[in-house]
Structures are given as C-alpha cells and as structure tokens.
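[1] need coordinates for the below:
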Amino acid sequence: MKITKNLAFALVAVAGFTFACGGGEQTSETTATSTTEAPAAPAQEMSLEEKYQNDPIYIKGLEKVKASDCTSCHMVERKIVGPSYADVAAKYEATEENIEMLAKKVIEGGVGVWGEVPMTPHPSVSIEDAKDMVAYILLLKK
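    Model prediction:
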C-alpha cells in the first residue's frame, strides 16, 4: 500500500491532535481539576427594573412616562433631543421643591437650562401625573 504525502500529513496531524487533547484518556491530574469548583462569576449590576421592581414611585412614574410622549425626546441614559433622565437626576436632588418645579416645567415647557432647544409644553398633563413622572426620573440618579 502506497502512502501519499497528503495522507501521511493528515495522519500525523490527527495523531498530533489526539496526543495534544489527551487521546480521550483522563489522567488523575485531569480528573482532579475537573472536580474542583469554578470560581464564582463576578456579581452583575442589577437593572433598574430589578432594583425598583417593588417601588411604587418607580412603577407609577414609569407607567406614566411610557404612556406619554416623553420618549420622543428623552432616554434613560442617552441624550436625544433633550437631556437623558439620568442627567436630570444627576442635576436635581429628589426634594418636594424640585419635584414641584420640574413638574411645572413639564407642563409649561421651557428653554435654556439644557441648551437652546425648547421643551414642548404638555398642558394636558395633570400636576399629579407630572410629579409622578419627575419622581420616577429622579430615582434614576447613578
């Protein structure tokens, strides 16, 4: 039987691969390492939904924001037309005074605080709904 160079190369490659991979046999060293526990995965940061899943302020505010047109200009962590919710939360403490002031801005609109692009007024939003939305947004402080 005549062995060609290609066949010989293939046989050597398969033999080398088999040897390098242990040939299907387990040594005591392999068995010992396979029974030890892998290190624990690092803890992952909780999502906002997980962090606030039982918080009525978060739940009510998120529901009202989703039902409004807020997401046309704002996102949680990225600026679109207006500032991100996280930027607003970073700028303002969650005090009753700030919630009241920001709720009025939602209803009346405004310009100048975040640049020259005006925020559209939302006169059909009640003061209570606007306060719920603002309280939710101010929870998003990092």
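
[2] from here on, just use CA atoms for contacts and neighbour counts.
    OK.

[3] tell me what the helix or strand containing residue 101 is packed against?
    Secondary structure assigned from DSSP states H and E places residue 101 in helix 96-108. With contacts defined as 3 or more CA pairs under 8 Å, 6 or more residues apart in numbering; DSSP states H and E, helix 96-108 has these neighbours: helix 127-138.

[4] buried ones in the helix it packs on?
    Residues of helix 127-138 classed as buried by neighbour count (16 or more other CA atoms under 10 Å): 129, 130, 131, 132, 133, 134, 135, 136, 137, 138.

[5] pLDDT score for the third one?
    Which is residue 131. Residue-level confidence at residue 131 comes out at 98, pLDDT.

[6] which residues touch the residue lying closest to it once chain neighbours are set aside?
    Leaving out its chain neighbours, the residue that sits closest to residue 131 by CA to CA, 6 or more residues apart in numbering is residue 103, at 5.1 Å. Listed by CA atoms under 8 Å, 6 or more residues apart in numbering, the contact partners of residue 103 are 127, 130, 131, 133, 134.

[7] okay, residue 103 and residue 45: tell me how far apart.
    30 Å (CA to CA, to the nearest Å).

[8] what's the neighbour count on residue 88?
    Taking other CA atoms under 10 Å as the neighbour definition, residue 88 ends up with a count of 19.

[9] same check, this time on residue 114
    Each residue near residue 114 was counted by other CA under 10 Å, and the total is 14.

[10] pretty sure it contacts residue 81?
    No. The criterion here is CA atoms under 8 Å, and residue 114 misses it with residue 81 at 9.9 Å.

[11] and the helix holding residue 101, average pLDDT?
    Helix 96-108 shows a mean pLDDT of 97 in the predicted model.

[12] give me the angle between that helix and helix 127-138.
    Orientation check (axes from the mean of the first three to the mean of the last three CA atoms, to 10 degrees): helix 96-108 against helix 127-138 gives 110 degrees.

[13] quick one: secondary structure of the nearest residue to residue 132 once chain neighbours are set aside?
    Using CA to CA, 6+ apart and skipping the chain neighbours, the partner closest in space to residue 132 is residue 61 (4.8 Å). Secondary structure, DSSP: H, G, I helix; E, B strand; the rest coil: residue 61 is helix.
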